[in-house]
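> Provided below for reference: sequence and predicted model.
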Number of protein chains: 2
Amino acid sequence: MKNKPSLYTCLSPALLNLYEVSSSIVVIIDALRATSTIAAALHNGAKSIIPVDSVAECIKLGKQMEVITAGERDGKIAEGLAYGNSPFTYPKEFIKGKTLVLTTTNGTKLLHMALAKNAKAIITGSFPNLSAVCNYITEQKQNVILACAAWKDRVNLEDTLFAGAVINRVKDNFSINCDASKIAETLYNEAKDDLYEFMKNKDASHYHRLTNYGLEKDIRYCLTIDVDNVLPMYEEGRLIAK
Amino acid sequence: MKNKPSLYTCLSPALLNLYEVSSSIVVIIDALRATSTIAAALHNGAKSIIPVDSVAECIKLGKQMEVITAGERDGKIAEGLAYGNSPFTYPKEFIKGKTLVLTTTNGTKLLHMALAKNAKAIITGSFPNLSAVCNYITEQKQNVILACAAWKDRVNLEDTLFAGAVINRVKDNFSINCDASKIAETLYNEAKDDLYEFMKNKDASHYHRLTNYGLEKDIRYCLTIDVDNVLPMYEEGRLIAK
């Protein structure tokens, strides 16, 4: 019997160096809201998404190419950019066929770390594209790292919950010798009946932050399974739908 | 109304730099088995315990002072040392009035990190001294960091569970804006009816490792609440019972 591939959960970018990135598919998880918005935009027909670290880089690319620039800081569209980080900003009639340059902090940093460490493949995951992620990693039969973007390196609830949701679905196909994965799955099992209520009851730090900005609707959307069931894969500097 | 002090959970030593150590009491958690053995030895009357990083340092101190040297590597007493890491090794009739030099890897490293960052106070915590830890941090009314020793920086189940047990008891006395704490408490609530069965069912990595060494009895002891209810505090290079 062939050994199953391994699956690990990395709860913070600051822990990524503990895992064998170069022999793994890395799933970048930034559930509130970057990777959910990426799924929404690609599902609605965006040609590609270029994730960048900084507002300045976003503005620079916006001047060089015909693209839509987007990004928020402290819950508002960042100065010099055109659009925000909400999945609702990118319906089909607006985004179809266009390229989006999106600046996020935690998720983009982690994606670039995985790239620098020569990940075998990099995809992004969120509840809106849960099944696409699970199907892909199951079919590939390769080692997987579920990499949580966290919040300034601090472990967060929503990314851990998403890792748990993936594990809950794919665990029979992987060898999981990883306590972080077991913690994530236990958390997900506790939360799965109502992810939004769980986040609210726990007063998750990012739930709190986004609710203060009036973004409950975004949180609900970002916790909804398979509404944008696309597979965003990073290739040559861009995320494209596979 | 005076603001409550803050409480954070740091799930791995690699994340300690994210927290304000110098304004906090740090609880070092290395539940299987270092901090449990420390509680047992001090509860049984050890005069003090000197935690050291390496077997070599342990041997060196053993030659300089009249102490008991102890430490394991890969489940066996390390070469050149006299005793092991099991709480059962240190009954009253053996350890009373004596000084123990104990080498552990994960826990000692973390303790020295907290020391280097000028923690306000450093204590050690484990299920055998859960109440002593909870009472102390509640009475002090200072900020607290529950610092998990983890396993070579990888998050582990047992230390996270202990953090959750503390939070479950003291949460009304602290302001807890920390998702890691919420994850830990959720995990503990899921596990609390039978901590041993939970560790076994999840096949926790360190449960697996110790069971392979025939140490189920140690695991059960280290998951037993308040059997060695003493407060180990680090002062001038030693842990002493307060």
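Nice, I can see it. Residues are numbered from 1 along each chain as shown, chains lettered A, B, ... in the order given.
> all contacts plus neighbour counts: C-alpha atoms, from now on.
Will do.
> Okay, buried residues for the helix or strand hosting A:Val133 please.
Here A:Val133 sits within helix A:130-140, counting by DSSP states H and E. Under the neighbour-count criterion of 16 or more other CA atoms under 10 Å in any protein chain shown, helix A:130-140 has A:130-134, A:137-138 buried.
> And the strands in chain A?
Secondary structure of chain A (DSSP state E): strands at A:7-10, A:24-29, A:48-52, A:68-73, A:76-77, A:99-103, A:121-125, A:143-148, A:232-235, A:238-241.
> about what we covered before: in terms of secondary structure, what does the helix holding A:Val133 contact?
strand A:121-125, helix A:157-170 (3 or more CA pairs under 8 Å, 6 or more residues apart in numbering or on different chains; DSSP states H and E).
> Pipe the buried residues of helix A:130-140 into a markdown table and attach pLDDT per row.
Formatted as a markdown table, the buried residues of helix A:130-140 follow (pLDDT from 0 to 100):
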| residue | pLDDT |
| --- | --- |
| A:Leu130 | 98 |
| A:Ser131 | 98 |
| A:Ala132 | 98 |
| A:Val133 | 98 |
| A:Cys134 | 98 |
| A:Ile137 | 98 |
| A:Thr138 | 98 |
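> Between those, which sits nearest B:Pro51?
Minimum distance to B:Pro51 across the buried residues of helix A:130-140 is 43.8 Å, recorded for A:Ile137 (CA to CA).
> Show me which residues of chain A sit near chain B.
A:14-15, A:18, A:153-157, A:177-180, A:182-183, A:186-187, A:190, A:202, A:204-205 (CA under 8 Å from any CA of the partner chain).
> Helices - which of these land there?
A:157, A:179-180, A:182-183, A:186-187, A:190, A:205 (DSSP state H).
> Of the residues you listed, which is the most crowded?
When neighbours are counted by other CA atoms under 10 Å in any protein chain shown, A:Leu157 leads these with 30 neighbours.
> from what I can see that residue touches B:Ser181, true?
No. A:Leu157 lies out of contact with B:Ser181 (CA atoms under 8 Å); the separation is 9.8 Å.
> Now do the shared contacts for the two.
Overlap of the contact sets of A:Leu157 and B:Ser181 (by CA atoms under 8 Å, 6 or more residues apart in numbering or on different chains) is empty.
> A:Ser6: how many residues sit nearby?
For A:Ser6, using other CA under 10 Å, the count is 18.
> ok, it - contacts?
Neighbouring residues of A:Ser6 by CA under 8 Å, 6+ apart: A:142-144, A:174-177.
> Run the chain-centre distance for stretch A:20-34.
Taking CA atoms, centre = their mean, to the nearest Å, the mean C-alpha location of stretch A:20-34 is offset from the chain mean by 7 Å.
> measure that stretch end to end?
By CA to CA, to the nearest Å, the extent of stretch A:20-34 from end to end equals 25 Å.
> about what we covered before: output the ones in helices among the residues of chain A next to chain B in CSV, with pLDDT appended to each entry.
Converted to CSV, those look like this (pLDDT from 0 to 100):
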residue, pLDDT
A:Leu157, 97
A:Asp179, 97
A:Ala180, 98
A:Lys182, 98
A:Ile183, 98
A:Thr186, 98
A:Leu187, 98
A:Glu190, 97
A:Ser205, 87
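> Out of those residues, which two are the most distant from each other?
Greatest spatial distance in those: A:Asp179 and A:Ser205, 23.0 Å, computed using CA to CA.
> Extract the residue ranges of chain A that are flagged as low pLDDT.
A:1-2 (pLDDT under 70).
> Give me the neighbour count for A:Ile23.
Actually, residue A:23 is Ser. It isn't Ile. Using other CA under 10 Å, A:Ser23 is surrounded by 16 other residues.
> Please name the nearest non-neighbouring residue to it.
Spatially, and ignoring its direct neighbours in sequence, A:Ser23 is nearest to A:Lys120 (6.0 Å; CA to CA, 6 or more residues apart in numbering or on different chains).
> Next: A:Ile167.
The shortest distance from A:Ile167 to any non-neighbouring residue, by CA to CA, 6+ apart, is to A:Glu185 (6.2 Å).
> cool, and A:Pro5?
Leaving aside its sequence neighbours, A:Pro5 sits nearest to A:Asn143 (CA to CA, 6+ apart; 4.8 Å).
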